[in-house]
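**Q** A predicted structure for the sequence below; I have some questions about it.
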Amino acid sequence: MKFDDLEKIINEKPAKIKILNFWATFCRPCVIEMPFFEEVATKFEDDIDLIFVSLDFVENVENKVKPFLTKKDIHSRVILLDDVDYNSWIDRVSPSWSGAIPATLIIDKNTGEKFFFEQIFDKEELESLISKFVNKT
Amino acid sequence: MTKLRVLSIFAYAMFFSGIINNGYEVGDYVTDFKLKNVDGNYISMAADKNNNGYIIVFTCNTCPWANLNEERIIALHNKYSSKGFPVIAIQPNDPIRSPGDSFEEMKARSKKYNYPFPYVIDETQEITKAFGATNTPHVYVLNKSNNGYKVAYIGAIDDNIRDANLAKNRYVEDAVDALLKGETVPTVTTKAIGCTIKWKTT
């Protein structure tokens, strides 16, 4: 989808804590942390809505992205962001984002406040962070 | 209790965003550096007495976005080097965290793709930090003035990583063309998706 459509999803009134993880099949650190996100989403499934936003190119959906998701056993929602004019939307995700991936946007369920993390997460860090968000509500 | 939690999460987020955003801004003067090129020699900006500026590109072997930009970087050098704006490519990643970016691998890639510009390694990552580069690729166009090299543009090469021919905005070219004509750079900063720089872990 294009960014305008993703923006609608970002701005939708959240029923749960929304987590958007920006990744690509060819981004090694992204791929390493994806299972941690899946696990956390399963653990807190009543509280979290996880969406993986892929920055792979649209021509690689069938031959790369889908096989990858099957192999890695990813069941969370995956959206392919097909919008290469990066400069037009990076700031709309977060003005603090330099554009590096992996990166994660977390949206508070009650306030709609956005928290942006331009970093690689290890399992403990992620669990600890998400627990804080979940326990806040 | 909830207020404290909100504050701590906010502080957590601020802490992480704070680490990343430092470095040169447009208009800043750039301190010279001395970095090792793949041919074993050291490269400094001061060495070129006749140029008008530099196109500094933070790039590496292992990032697919950097690889997609490789031809464009070579094309930029071929177009602008004779006009006084040569490219210097700086590899910022820690080779321990990213073995594909080791000096030997850099040499191999430079040879394989016939890089017409220096491809230097920032061994301590100090220069990368000084510039404030955050991902690969990341371009800084520098303009030579009486007081040194001034940053004129920071960001992406163009707005279509997938197909250079379809790019509507060729940011770096527009910036250098403007500098060559003595005009204002139309777009001074842009952002682009790229790979995180692999910082050394202490």
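**A** Okay, I see it. Numbering: from 1, shown residues only, chains lettered A, B, ... in the order given.

**Q** I'd guessed A:A41 sits against A:I19; true?
**A** Yes. Taking contact to mean CB atoms under 8 Å, the distance of 7.3 Å between A:A41 and A:I19 places them in contact. In this view, the C-beta of every residue, glycine as well, is placed from N, C-alpha and C.

**Q** Would you map the strands across chain A?
**A** For chain A, the strands identified by DSSP state E occupy A:17-23, A:48-54, A:77-80, A:100-101, A:103-107, A:114-117, in order along the chain.

**Q** Which of the ones you listed has the lowest mean pLDDT?
**A** Across these, strand A:100-101 has the smallest mean pLDDT, namely a mean of 92.

**Q** got any ranges where chain A has weak pLDDT?
**A** Across chain A, the ranges flagged by pLDDT under 70 are A:137.

**Q** At the contact with chain B, which residues of it appear?
**A** A:24, A:26-29, A:55, A:57, A:84-88, A:90-91, A:96-102, A:115-120, A:129, A:132-133, A:135-136 (CB under 8 Å from any CB of the partner chain).

**Q** which residues of chain B fall in helices?
**A** Shown for chain B, the helices assigned by DSSP state H span residues B:2-20, B:64-80, B:103-112, B:126-131, B:171-181.

**Q** check contacts around the residue nearest to B:R72 when sequence neighbours are not counted.
**A** For B:R72, the nearest residue in space outside its immediate sequence neighbours is B:I157; the separation is 5.2 Å by CB to CB, 6 or more residues apart in numbering or on different chains. Contact partners of B:I157, counting by CB atoms under 8 Å, 6 or more residues apart in numbering or on different chains, are B:69, B:72-73, B:76, B:137, B:139, B:170-172, B:192.

**Q** got the contact list for the residue found closest to A:S131 once you drop the neighbours it is linked to in the chain?
**A** Using CB to CB, 6+ apart and skipping residues adjacent in sequence, the residue nearest A:S131 is A:F44, 8.0 Å away. A:F44 makes contacts with A:130-131, A:134, as judged by CB under 8 Å, 6+ apart.

**Q** B:N50 now?
**A** Contacts of B:N50 were listed using CB under 8 Å, 6+ apart, and they are B:G84.

**Q** And for B:I154?
**A** B:24-26, B:138-141, B:188-190.

**Q** From B:P95, how far off is B:T196?
**A** Noted for B:T196: a distance of 15 Å to B:P95, by CB to CB, to the nearest Å.

**Q** Among these two, which residue is more densely surrounded?
**A** For B:T196 and B:P95, the more surrounded residue by other CB atoms under 10 Å in any protein chain shown is B:T196, and the numbers stand at 23 against 19.

**Q** could you check the distance from that one over to chain A?
**A** As defined by CB to the nearest CB, to the nearest Å, B:T196 lies at a distance of 4 Å from chain A.

**Q** same check, this time on B:N93
**A** B:N93 sits at a distance of 12 Å from chain A (criterion: CB to the nearest CB).

**Q** Report pLDDT for that residue.
**A** 97.

**Q** Contacts only, for it.
**A** Residues in contact with B:N93 (CB under 8 Å, 6+ apart) are B:60, B:62, B:101, B:136, B:197-198.
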